[in-house]
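In: structure for the following, please:
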Amino acid sequence: MTGEIRVDRLVGAFDCGRILNARTATSQFKGGMIMGLGMALTEETLLDERSGRIMSTSLAEYHVPVHLDVPDIDVMWTDIPDPRTPMGARGIGEIGTTGVAAAVVNAVFNATGIRVRDLPITLDKLNFG
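Out: Alright, predicted model coming up:
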């Protein structure tokens, strides 16, 4: 067992009111899901515990998902209009991020029996000993 975590596919289902532009909504959801994947597997701010200073101060040391890290992503939504708004739409924002890290952590737990409570999930946190 190598401890390597592979995410082959992400599926997101959202209840976000009426979608006014399917193309931009899809991109927004996918972008949020990629952010959640980064939160779960790669993005980490390293602190010097002695001084409290951030050690990973540039994007060269801060690893975000790149194209080859991103699996197939499927997005769907209910498209049920919100009766409290004039057009039935709601803001999407970064709602795609919500739940992705938790889903990856739960998948790792189901596969290994090890519950990781500190993100990102790294090999040293998966104590296979």
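
In: any idea of the pLDDT on the most centrally placed residue in the chain?
Out: Most central in the chain under CA atoms, centre = their mean is G36, positioned 1.1 Å from the mean C-alpha point. Looking at G36, its pLDDT is 96.

In: and what of D118?
Out: 92.

In: is it true that G38 touches P65?
Out: Yes - with contact defined as CB atoms under 8 Å, G38 counts as touching P65 (4.6 Å). Glycine gets a C-beta too; all of them are placed from N, C-alpha and C.

In: neighbour count for these two, which is higher?
Out: Counted by other CB atoms under 10 Å, G38 and P65 do not tie: G38 has more neighbours, with 23 against 19.

In: separation between the more buried one and C16?
Out: 22 Å (CB to CB, to the nearest Å).

In: ok, L126 next?
Out: 34 Å.

In: these two: who's more crowded?
Out: For L126 versus C16, neighbours defined as other CB under 10 Å are more numerous around C16 (20 against 17).

In: picking that back up, now do the contacts for the residue nearest to the centre of the chain.
Out: 96-101, 104 (CB atoms under 8 Å, 6 or more residues apart in numbering).

In: tell me which helix or strand it sits in.
Out: Using DSSP states H and E, G36 maps to helix 22-41.

In: buried residues in that helix, which are they?
Out: 25-26, 28-30, 32-41 (16 or more other CB atoms under 10 Å).

In: quick one: low-confidence residue ranges for this structure.
Out: Within the chain, the segments meeting pLDDT under 70 span 1, 128-129.

In: which stretches of it form helices?
Out: With DSSP state H as the criterion, the chain has helices at 22-41, 100-112.

In: will you turn the ones you listed into CSV that also has distance to M87?
Out: Formatted as CSV, the helices of the chain follow (distance: least, CB to CB, whole Å):
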stretch, distance to M87
helix 22-41, 14
helix 100-112, 28
